[in-house]
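K.L.:
The following block contains a protein sequence and its predicted model.
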Amino acid sequence: MCTCFSHGPHFTAGIDLPKIAPYMKSGNREYLHPKNLIDPLSLRGLIRTKPVVCAVRGITFTYGVELSLACDVTIAANNCRFSQLEVLRGIMPTGGATIRFVQRAGWGNAMKYLLSGLEFNSQEALKMNIVEEVVAEDDVFSRAEEVALSIASAAPLAVKETIRSAKLALEKGRETAVKEFDIVQEMLASSNDASEGVEAFKNKRKPNFNGN
């Protein structure tokens with residue numbers, strides 16, 4: 001279980017374009033996904049399997065929006081300023097926004113912001129499913145931690161397979177995901193964690209999962 005957050009009043013103003021532009025021109029993408037490390041955007045190379053809860057506040061531009069979209073749950077402070085402003089710099093988003101923004105918000109809403117670089121606030125982000133909750137600025141980290149801990153208390157194998165199944169359906173279609181349901185459920189039901197879940201249910205106590 002991981003959390004994604006920043007220190008200070010703002011999440012990020014985006015990448016340092018003057019420093020990154022030479023990499024873009026050369027086709028070197030290591031500034032976004034270094035070799036042999038998990039890609040935080042879950043697009044290329046090593047794809048993460050652990051869930052990530054994101055907490056954002058203040059300025060959340062470009063890469064910040066794409067990180068919000070890439071995480072599994074994003075909690076936003078009520079003072080966020082979002083913008084996917086790459087087109088105003090002569091480039092386009094390549095961290096997943098052209099895919100995930102459309103999936104979450106629909107074509108028209110996504111194009112309104114992807115093609116213009118206009119800013120939108122926390123409530124608009126919530127309405128478009130870019131974030132899952134909006135809370136007071138002082139509560140954003142504690143609420144994200146609360147959600148993260150609730151996920152961490154679940155069975156790790158079941159969480160991992162739930163994420164994988166959902167991504168499979170999005171990327172390869174409904175039928176591909178459905179074909180795996182029974183075999184994955186059989187594997188999970190045979191795990192020690194599933195046995196622990198049944199025992200905890202029978203004895204009306206919290207389960208103690210070990211991830212096996």
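P.N.:
On my side now, so go ahead. If you're wondering where the values come from, they're calculated on a predicted model, not measured in any experiment.
K.L.:
Could I get the phi/psi values of the residue minimising distance to the centre of the chain?
P.N.:
By CA atoms, centre = their mean, the chain has its centre lying nearest to C71, at 0.9 Å. Main-chain dihedrals, C71, degrees, to the nearest 10: phi -70, psi 160.
K.L.:
can you count the residues close to the nearest residue to it once chain neighbours are set aside?
P.N.:
Nearest residue to C71, sequence neighbours excluded (CB to CB, 6 or more residues apart in numbering): C54, at 3.8 Å. The C-beta positions use only the backbone N, C-alpha and C, and glycine is treated the same way. Burial of C54 is recorded as 27 neighbouring residues (other CB atoms under 10 Å).
K.L.:
next one: V87
P.N.:
For V87, the tally of surrounding residues (other CB under 10 Å) stands at 14.
K.L.:
quick one: strands adjacent to the helix or strand where the residue nearest to C71 lies?
P.N.:
Assessed by DSSP states H and E, C54 sits inside strand 52-56. With DSSP bridges as the test, strand 52-56 is paired with strand 2-4 (parallel), strand 73-77 (parallel).
K.L.:
in the longest one, what's buried?
P.N.:
Right, strand 73-77. For strand 73-77, the neighbour count (16 or more other CB atoms under 10 Å) marks 73-77 as buried.
K.L.:
tell me which of those is nearest to G106?
P.N.:
T74 (17.9 Å; CB to CB).
K.L.:
Please look at that closest one and V56 and confirm they touch.
P.N.:
Yes. If you go by CB atoms under 8 Å, T74 and V56 touch, sitting 6.3 Å apart.
K.L.:
Which residues are in contact with each of these two?
P.N.:
Residues touching both T74 and V56 (CB atoms under 8 Å, 6 or more residues apart in numbering): 68, 131.
K.L.:
contacting residues for A70?
P.N.:
Listed by CB under 8 Å, 6+ apart, the contact set of A70 reads 40-43, 52, 95-96, 100.
K.L.:
How is this protein divided into domains?
P.N.:
2-152, 156-202 (automatic domain parsing).
K.L.:
how about those domains in a markdown table, adding distance to N208 and mean pLDDT?
P.N.:
Formatted as a markdown table, those follow (distance: least, CB to CB, whole Å; pLDDT from 0 to 100):
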| stretch | distance to N208 | mean pLDDT |
| --- | --- | --- |
| domain 2-152 | 13 | 92 |
| domain 156-202 | 6 | 96 |
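K.L.:
Any chance of TSV for these, columns distance to F209?
P.N.:
Shown next, in TSV, are those (distance: least, CB to CB, whole Å):
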stretch	distance to F209
domain 2-152	10
domain 156-202	5
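K.L.:
so which of those domains gets nearest N210?
P.N.:
With respect to N210, and counting by CB to CB, the nearest of those is domain 156-202 at 6.3 Å.
K.L.:
Now do the end-to-end distance for that closest one.
P.N.:
The first residue of domain 156-202 is 20 Å away from its last residue (CA to CA, to the nearest Å).
K.L.:
for stretch 8-16, same thing?
P.N.:
Length of stretch 8-16, first residue to last, CA to CA: 18 Å.
K.L.:
I would like the residues contacting that stretch, please.
P.N.:
Outside stretch 8-16, the residues that touch it by CB under 8 Å, 6+ apart are 5-6, 31, 56-64, 67, 80, 85.
K.L.:
Alright, that wraps it up for me.
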